[in-house]
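>>> Could you work out the structure for the sequence below:
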Amino acid sequence: MTEESTSVLIVGGSLVGLSGAMFLAARGVRPVLVERHRESAAHPRAIGYTARTLELFEAAGLVGIPEVPPTFQLRRVRVESLAGRWLEETDWTPRLATQDTHTQAPDDAFSPHTGAAIAQDKLEPLLRARARALGADVRLGTDLVRFEEDADGVTAWLKDPDGAERVLRAAYMIAADGNRSAIRAALGIERQGIGVIQVMRSVLFRAELEHFQRGVSQFEVEQPGLDAFLTTYGDGRWVLMFKDDVERDVEALRRAIAQAIGAPVPFEILTTGRWELTALVADRFAKGRVFLAGDAAHTLPPTRGGYGANTGIADAYNLAWKLAAVLSGESTPKLLESYDEERRPIAWLRFRQTFARPDYARWADDATRATRIIDPVAIELGELYRSSAVLGAGPELPDARRPDEWRGQPGSRAPHLVVQRGGREASTLDFFGRSWVLVSSDPRWSEAARAMHAQVGIHVEPIDVDRGLSQEDRGALLHAFGIDGKGATLVRPDGYIAWRLTGEVPTAVATLAGVMATVACPVRRPAEDSD
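Prediction:
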């Protein structure tokens, strides 16, 4: 039996697994990814990807995905049929009585991206190609038979497409094997939540129906004998989802599609599916050297907020930089504890926000329905991490805020601003996403970052905002980070703020070294009396 080794084994080659392979490879880690299927699923499944997800893709060099216009809104309407009578439009987030949109910055001011609408079966090949180009070993048609974990790593028995078995030894394993994760079950990790809320059947078909849409892409079809959900993938493919678990023959499917359209339009049936809408969050996202990501860690029903696939992709990004830091010998494995600390509360936040909204409120308990509804841009771009890898994010702070309300709060994502660099417009997010970064307008902090490197062995890239930025951009950046002329902000390799000092400190080197000793878990500890 062939035996080989790798630093990270990823089990599951859908969106989250492929994203994880790409993110790791972009940081110099060459994982092995195994997926039991030989190609993407016939059903397109997910379609909506948020601005934050596109930021993460861009950080790994995956660019060029067509984006929706800044004015795009995902609209849903109750109808008798697509061509028939339209009843009412429903919102994902009800407008709050105290919400004053006139005094708020527009949502598209917070990211250089707007989001994308691309079918999963078209996105997965792009992720696969990029991961391979960066050095990931992606193996389709390869099944995990079993695994064993010990103090030093994970041994996995794999079955190749030709049926041959091989043994692979990995330092760490990521379970991205979906809602019915066999790895999670083998680890004995339980889940909490609502469980299965509905079983639905679906039929995917192709038809030219764009002229019926009027700018709307989701339809709740309600008429005698048909209670279904109709939506488009924007490429001529539509899916009709039945709110029952009844298997229909081809003729029954054709009648239902014709009813939903409400006009004599030709169509072609492509495939069918069966869906379990579940809402569960794992009790822990890590056990030993195995980490859960995506649906293996949390499952949420499809939402207009994009809380399913996008949450899983963010899991993979959070985990990738931490694994890379540990595998490079810079950080101790203690850093990995912050993965569960940070991502599991986010899963629960999005769980509660899903069931506080009208689309799913009927399945929730009274406490969840009473949850304060948070602005979608706050959930997507303003969630707060509280963990051992962040200093200064206390329990008194809200779970999420709009990005401009944080003003550089540790635990929040570093703010996006458009600045002039080298004679062209750029996003401040371009400063981040590769290494630790120290932002300040005091040159002593730049000197401290270089001196600190010799102590802890972790490179921190100093950015002196007085250099290369106009006075206007410099002032806006310092304001966005909430630091004055003597302060400094430490940003992690994932673009989240780990620490901030708003005033002057007499011992910059020792201060920064002490901060890094906490938030980066360096293998090399700083000397206590250094400056």
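
>>> is it true that R289 touches A171?
Yes: if you go by Cβ atoms under 8 Å, R289 and A171 touch, sitting 7.0 Å apart. All C-beta spots, glycine's among them, are computed from the backbone N, C-alpha and C.

>>> residues shared between the contacts of the two?
G153, V154 (Cβ atoms under 8 Å, 6 or more residues apart in numbering).

>>> can you give me the helices for the stretch 101-250 of the chain?
Using DSSP state H, counting those that start in this stretch, the helices of the stretch 101-250 of the chain run over 120-133, 182-187, 250-261.

>>> Name the residues that touch stretch 137-144?
6, 11, 13, 18, 21, 30-39, 128, 131-132, 156-161, 177, 182-183.

>>> Any chance you could give me that stretch in CSV, C-alpha atoms only?
Only the C-alpha atoms of stretch 137-144 are listed here, as CSV (Å, rounded to 0.1, in the frame of the first residue of the first chain):
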residue,chain,number,x,y,z
ASP,A,137,-2.8,18.6,-4.9
VAL,A,138,-6.5,18.3,-5.7
ARG,A,139,-7.7,14.7,-6.2
LEU,A,140,-11.1,14.0,-7.5
GLY,A,141,-12.8,10.6,-7.3
THR,A,142,-10.8,9.9,-4.1
ASP,A,143,-12.6,8.7,-1.0
LEU,A,144,-11.6,8.9,2.7
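
>>> So for it, what gets flagged as buried?
If you call a residue buried by 16 or more other Cβ atoms under 10 Å, then stretch 137-144 has these buried ones: D137, V138, R139, T142, D143, L144.

>>> ditto for stretch 221-231
For stretch 221-231, by 16+ other Cβ under 10 Å, it's V221, L226, A228, F229, L230, T231.

>>> now swap in stretch 415-435 and tell me
So, applying 16+ other Cβ under 10 Å, buried residues of stretch 415-435: P415, H416, L417, V419, S427, T428, L429, F431, F432, G433.

>>> Setting the sequence-adjacent residues aside, check what's closest to the fifth one.
Spatial nearest neighbour of S427, excluding adjacent residues (Cβ to Cβ, 6 or more residues apart in numbering): P112 at 4.4 Å.

>>> burial count for that neighbour?
Per other Cβ atoms under 10 Å, the neighbour tally for P112 reads 19.

>>> What are the phi and psi values at A41?
The phi/psi pair for A41 (degrees, to the nearest 10) reads phi -60, psi 150.

>>> for the one 5 residues further on, same thing?
Summarising the backbone geometry of A46 under the convention degrees, to the nearest 10, its torsions are phi -60, psi 150.

>>> Run through the residues that contact it.
Counting by Cβ under 8 Å, 6+ apart, the residues that A46 touches are L15, A119, Q120, P302, G308, A309.

>>> Now pLDDT too, for those, in a markdown table please.
Output for these, formatted as a markdown table (pLDDT from 0 to 100):
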| residue | pLDDT |
| --- | --- |
| L15 | 97 |
| A119 | 93 |
| Q120 | 94 |
| P302 | 89 |
| G308 | 89 |
| A309 | 93 |
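
>>> before we move on, back to that, of the helices of the stretch 101-250 of the chain, which is nearest P462?
Closest to P462 of these is helix 120-133 (Cβ to Cβ; 30.1 Å).

>>> contacting residues around the closest one?
13-15, 18-19, 21-22, 25, 33, 40-47, 49, 60-62, 65, 138, 235, 309.

>>> Filter those residues down to the ones in helices?
Among the contacts of helix 120-133, the members found in helices (DSSP state H) are L15, L18, S19, A21, M22, A25, A309.

>>> and of those residues, the nearest to P462?
A25 (27.1 Å).

>>> pLDDT score assigned to the closest one?
pLDDT for A25: 98.

>>> got the contact list for it?
P31, A60, A131, L134, G135, A136.

>>> these two touch, right, the fourth one and A60?
Yes: with contact defined as Cβ under 8 Å, L134 reaches A60; the gap is 7.4 Å.

>>> Tell me which residues touch the residue nearest the centre of the chain, please.
Nearest to the geometric centre of the chain sits A314, at 2.5 Å (Cα atoms, centre = their mean). By Cβ under 8 Å, 6+ apart, the contact set of A314 is R52, T53, L56, R343, I346.

>>> just R289 next, same as before
Contacts for R289 (Cβ under 8 Å, 6+ apart) come out as E149, G153, V154, A171, Y172, M173.

>>> Count the residues that sit near the second one.
I take that to be G153. 19.

>>> Does it touch R169 like I think?
Yes: look at G153 against R169 with Cβ under 8 Å: they come within range, at 5.9 Å.

>>> what's the closest non-adjacent residue to R500?
T489 (4.7 Å).

>>> Tell me the strands beside the helix or strand hosting that neighbour, with direction?
Following DSSP states H and E, one finds T489 within strand 488-491. Sheet partners assigned to strand 488-491 using DSSP bridges are listed as strand 436-440 (antiparallel), strand 497-501 (antiparallel).

>>> Any idea which of these gets closest to Q213?
Per Cβ to Cβ, nearest to Q213 of these: strand 497-501, 41.2 Å.

>>> What lies in contact with the closest one?
With contact meaning Cβ under 8 Å, 6+ apart, strand 497-501 is reached by 389-392, 408-414, 436, 481-483, 487-492, 511, 515, 519-520.

>>> follow-up on the earlier one: and the strand or helix carrying the residue nearest to the centre of the chain with helix 120-133, angle?
For A314, the element it lies in under DSSP H and E is helix 309-327. On the basis of axes from the mean of the first three to the mean of the last three Cα atoms, to 10 degrees, helix 309-327 is oriented at 10 degrees to helix 120-133.

>>> so helix 309-327 versus helix 15-26, what angle?
Relative orientation of helix 309-327 versus helix 15-26 (the same axes, to 10 degrees): 30 degrees.

>>> quick one: helix 309-327 to chain centroid distance?
In terms of Cα atoms, centre = their mean, to the nearest Å, the centre of helix 309-327 is found 9 Å from the chain centre.

>>> buried set for that helix?
309-327.

>>> what element comes up after it heading to the C-terminus?
Trace forward from helix 309-327 with DSSP H and E and the next one is helix 337-356.

>>> From the contact counts, what lies against that next one?
strand 267-282, strand 286-287, strand 298-299, helix 309-327, helix 366-369, helix 376-381 (3 or more Cβ pairs under 8 Å, 6 or more residues apart in numbering; DSSP states H and E).

>>> Which residues does the last one contact?
Residues outside helix 376-381 that contact it (Cβ under 8 Å, 6+ apart) are 50-52, 92-93, 107, 110-111, 305-307, 310, 349-350, 353, 400-403, 405, 413.

>>> Now, of these, which are buried?
50-52, 92-93, 107, 110-111, 305-307, 310, 349-350, 353, 400-403, 413.

>>> tell me which element E88 is part of?
strand 86-90.

>>> And that strand, how far out from the chain middle?
Using Cα atoms, centre = their mean, the offset of strand 86-90 from its chain centre is 31 Å.

>>> in it, what's buried?
W86, T90.

>>> Mind listing the strands that strand pairs with, and their directions?
strand 76-79 (antiparallel).

>>> Work out the gap between the strand it pairs with and the centre of the chain.
On Cα atoms, centre = their mean, the centre of strand 76-79 falls 28 Å from that of its chain.

>>> For that strand, which residues meet the burial criterion?
R76, V77, V79.

>>> export the residues you listed to CSV and tack on distance to T272 and pLDDT?
Compiled in CSV, the buried residues of strand 76-79 are given as follows (distance: Cβ to Cβ, whole Å; pLDDT from 0 to 100):
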residue, distance to T272, pLDDT
R76, 23, 94
V77, 25, 96
V79, 22, 97
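
>>> and which of the contacts of A314 is nearest H453?
Nearest member of the contacts of A314 to H453, counting by Cβ to Cβ, is L56, at 26.6 Å.
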